[in-house]
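Student: Turn this into a structure:
(2 chains)
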Protein chains: 2
Amino acid sequence: MDQARRTFREQLETAWAKNDSLLCVGLDPDLEHLPPHLLRKAQPIFAFNRSIVDATADLVCAYKPQIAHYSAVGAEHELERTIQYIHECHPDIPVILDAKRGDIGSTAVMYAREAFERYDADAVTVNPYLGYDALEPFLAHARRGILVLCRTSNPGGRAIQGDSDSKGGNDSDPLYLRIARLGAQEWDEHGNVNFVVGATEPEALARVRAVIGERAILVPGIGAQGGDPEAVVAAGLDSRGTGLVISSSRALLYADDGLQFAEAARDVATRTRREINEARQQIGV
Amino acid sequence: MDQARRTFREQLETAWAKNDSLLCVGLDPDLEHLPPHLLRKAQPIFAFNRSIVDATADLVCAYKPQIAHYSAVGAEHELERTIQYIHECHPDIPVILDAKRGDIGSTAVMYAREAFERYDADAVTVNPYLGYDALEPFLAHARRGILVLCRTSNPGGRAIQGDSDSKGGNDSDPLYLRIARLGAQEWDEHGNVNFVVGATEPEALARVRAVIGERAILVPGIGAQGGDPEAVVAAGLDSRGTGLVISSSRALLYADDGLQFAEAARDVATRTRREINEARQQIGV
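Tutor: Residues are numbered from 1 along each chain as shown, chains lettered A, B, ... in the order given. A predicted model of the protein is given here:
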């Protein structure tokens, strides 16, 4: 199956072009925020996700389910069904499993099996703290995408990952930039390495872009977390005006908690995509 | 329930003393290595774990299920049953869920819920790459233990976490040591911070011990990964001759793949505990 499958990169290029969109929808269902009428269903999380996906599939370049929102409540089967549904009904849109896994040896092999065999995700986010050999079992799945955390959007990231505007790390670069260099120059044997930089850190985004070429950057943190799409686009586009996967979750998923939640989500997705595309046009791409 | 529960530290002190043991058994079941006669059972992983636990419960200070070995094969329910079984039948032995989670904001809350509510683990391993605010939702569970990764046992850890024998990091310390200092001096508001240092890095273990006081250190990597129990004990004991949770998984779980697998595991646990205790006696504790 894996041989016939398009690569994550091919899927992403298709979705970027076909939907003229850099927007990714984060599928982070929280039972406390789901529209009450869905809670009577046997699988409320799957029902919610399916409606959100059907309402936005022509507006996005990727979906990104965050796995903790499923594992906290024992909803693994609803996550499986969600990803399967996207593959079947919207096969041009890749699915990024946001799991931020990182472990060594035989355990890393198990985590890769979880992401790519059990859930059949097209890509997965990983944590680089354990180094290259912890990522190797993921990278060996050459047709899947591996998104390596660099700089995260939370305030506490700075103390570990390094300042965007100063020096640090073992060498002269801050740690997040050293990881971007390692990922692009040493770890990317199969051409499937990509990166994650938070939307609240446009300076870090620009510095990462400068060292990783045309590789994709997943950018969480617009919407509820306060990242500015215009600043993200200005800092992060690749030379062809794409290269970004800009993710919004709560602002879109919970725009309305009534019967019209999917239409409300579509409205937010439409606005956010337009905002991103206007910023792209302003800088002439 | 959480108010009546003993803290992770209290459980650990009890198990250290009662079983005179610093040994932890890693419950990392792999269907490919399970004794063939168990595969006919409805829940082979749970059956395996129960036998290993019953065969070793008087020899250990903790059990450490590694979650990827369950999630890769959809065996979440068998993990739930395993932890519940240990709580019910061997209530003096704490359970450390080895998950190495790390994420921000509402997602970190979900991961803490997964570890402490869904699985009811007494402690969880976490990844510090995202900084303090990513750990806060775990730390808020004051009666549970939080084990922060410092230096891992794999060769690739060095490039990110820093050399044991040289300088590095944003300050003059290598990153893993800076994290140990932050954890002990700034993050430990509830007295539930502990650490993880690989058995293959005794020098890092000694440097971490020097800055964290009497906090516990989980030490994976003896047995199959080649860490030396004697070197671990010499480098890592606290001032009272305890403070370590030395974990062995494969060398013990798969000592025999026949009907006698549990007895074989008990033999390895007995030998390893004795080896650790002889090393403790040699240095006079």
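Student: List the buried residues for stretch A:35-47?
Tutor: For stretch A:35-47, the neighbour count (16 or more other CB atoms under 10 Å in any protein chain shown) marks A:35, A:38, A:44-47 as buried. Where you see a C-beta, it was placed from the backbone N, CA and C, and this is true even at glycine.
Student: what is the rounded mean pLDDT of that stretch?
Tutor: Mean pLDDT, stretch A:35-47: 96.
Student: so where's the stretch 151-285 of chain A uncertain?
Tutor: Residue ranges of the stretch 151-285 of chain A with pLDDT under 70: A:164-171, A:285.
Student: Point me to the residue of it nearest chain B.
Tutor: Residue nearest to chain B within the stretch 151-285 of chain A: A:G156 (2.9 Å; CB to the nearest CB).
Student: taking the buried residues of stretch A:35-47 as a set, which two sit the farthest apart in space?
Tutor: Taking CB to CB as the measure, these span a maximum distance of 13.8 Å, between A:P35 and A:F46.
Student: before we move on, back to that, return the member of the buried residues of stretch A:35-47 nearest to chain B.
Tutor: Nearest to chain B among the buried residues of stretch A:35-47, with distances taken as CB to the nearest CB, is A:I45, at 12.6 Å.
Student: how far away is the closest one from B:D133?
Tutor: 26 Å (CB to CB, to the nearest Å).
Student: could you pull out the helices for the stretch 151-285 of chain A?
Tutor: Listed in chain order, the helices of the stretch 151-285 of chain A (DSSP state H, counting those that start in this stretch) span A:157-161, A:175-185, A:202-212, A:229-236, A:250-253, A:261-282.
Student: Tabulate the ones you listed in TSV, adding columns for distance to B:A142 and mean neighbour count.
Tutor: Putting the helices of the stretch 151-285 of chain A into TSV (distance: least, CB to CB, whole Å; neighbours: other CB atoms under 10 Å in any protein chain shown) gives the following:
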stretch	distance to B:A142	mean neighbour count
helix A:157-161	23	23
helix A:175-185	30	23
helix A:202-212	34	21
helix A:229-236	38	22
helix A:250-253	28	22
helix A:261-282	37	18
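Student: Dump the ones you listed into CSV; add distance to B:E203 as well.
Tutor: Formatted as CSV, the helices of the stretch 151-285 of chain A follow (distance: least, CB to CB, whole Å):
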stretch, distance to B:E203
helix A:157-161, 22
helix A:175-185, 21
helix A:202-212, 32
helix A:229-236, 40
helix A:250-253, 45
helix A:261-282, 49
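Student: Report the residue spans of the stretch 1-150 of chain A with pLDDT below the cut-off.
Tutor: A:1-3.
Student: can you give me the strands in it?
Tutor: For the stretch 1-150 of chain A, the strands defined by DSSP state E, counting those that start in this stretch cover A:23-27, A:62-65, A:96-101, A:123-126, A:145-151.
Student: The second one - contacts with which helices or strands?
Tutor: With contacts defined as 3 or more CB pairs under 8 Å, 6 or more residues apart in numbering or on different chains; DSSP states H and E, the secondary structure elements packing on strand A:62-65 are strand A:23-27, helix A:76-89, strand A:96-101, strand A:244-248.
Student: Is it possible to get CSV of those that adds distance to B:L218 and mean neighbour count?
Tutor: Formatted as CSV, the helices and strands packed on strand A:62-65 follow (distance: least, CB to CB, whole Å; neighbours: other CB under 10 Å):
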stretch, distance to B:L218, mean neighbour count
strand A:23-27, 32, 26
helix A:76-89, 27, 18
strand A:96-101, 19, 27
strand A:244-248, 33, 29
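Student: got a list of what A:F48 touches?
Tutor: Neighbouring residues of A:F48 by CB atoms under 8 Å, 6 or more residues apart in numbering or on different chains: A:29, A:34-35, A:38, A:253, A:261.
Student: so can I have a markdown table of those showing distance to B:Y70?
Tutor: Output for the contacts of A:F48, formatted as a markdown table (distance: CB to CB, whole Å):
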| residue | distance to B:Y70 |
| --- | --- |
| A:P29 | 22 |
| A:L34 | 26 |
| A:P35 | 32 |
| A:L38 | 28 |
| A:L253 | 28 |
| A:F261 | 33 |
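Student: Closest one of those to B:V126?
Tutor: The closest of these, once distances to B:V126 are taken by CB to CB, is A:P29, at 23.4 Å.
Student: List the residues that contact the closest one.
Tutor: By CB under 8 Å, 6+ apart, the contact list for A:P29 reads A:45, A:48-49, A:69-70, A:75, A:253.
Student: Next, give me the two most distant ones among these.
Tutor: With CB to CB as the measure, no two of the contacts of A:P29 lie farther apart than A:A75 and A:L253, at 15.1 Å.
Student: hang on, the earlier thing: tell me how far the closest residue to the residue of the stretch 151-285 of chain A closest to chain B other than its chain neighbours lies from B:D103.
Tutor: Residue nearest to A:G156 in three dimensions, not counting chain neighbours: B:G131, with 2.9 Å by CB to CB, 6 or more residues apart in numbering or on different chains. For B:G131, the distance to B:D103 equals 11 Å [CB to CB].
Student: still on that earlier bit, what's the neighbour count on the residue nearest to A:G156?
Tutor: 22 (other CB atoms under 10 Å in any protein chain shown).
Student: what's it in contact with, if anything?
Tutor: Taking CB under 8 Å, 6+ apart, we find B:G131 in contact with A:152, A:154-161.
Student: which residues sit in contact with A:I160?
Tutor: A:175, B:128-131, B:175, B:179.
Student: Can you tell me which of those is nearest A:A204?
Tutor: Closest to A:A204 out of the contacts of A:I160 is A:L175 (11.0 Å), distances taken as CB to CB.
Student: separation between that closest one and B:Y129?
Tutor: A:L175 is 9 Å from B:Y129, by CB to CB.
Student: Need the residues touching each of these two.
Tutor: Shared contacts of A:L175 and B:Y129, counting by CB under 8 Å, 6+ apart, come down to A:160-161.
Student: For the stretch 1-150 of chain A, give the residue positioned nearest to chain B.
Tutor: Nearest residue of the stretch 1-150 of chain A to chain B: A:G131, at 2.9 Å (CB to the nearest CB).
Student: Ramachandran coordinates for that residue?
Tutor: Per-residue torsions, A:G131: phi 90, psi -180 (degrees, to the nearest 10).
Student: Check A:L59 too.
Tutor: phi -120, psi 0.
Student: now the farthest one out in chain A, which residue is it?
Tutor: Most distant residue from the mean C-alpha position of chain A: A:R40, 30.0 Å away (CA atoms, centre = their mean).
Student: where's that one relative to A:A47, distance?
Tutor: Distance from A:R40 to A:A47, by CB to CB: 10 Å.
Student: same check, this time on A:L39
Tutor: Plainly put, A:L39 is 10 Å away from A:A47 if you go by CB to CB.
Student: what does A:R271 give?
Tutor: A:R271 is 25 Å from A:A47, by CB to CB.
Student: cool, and A:R215?
Tutor: As judged by CB to CB, A:R215 and A:A47 stand 35 Å apart.
Student: shouldn't A:T82 be in contact with A:A47?
Tutor: No: using CB atoms under 8 Å, A:T82 makes no contact with A:A47, being 10.0 Å away.
Student: list residues touching both of the two?
Tutor: By CB under 8 Å, 6+ apart, no residue touches both A:T82 and A:A47.
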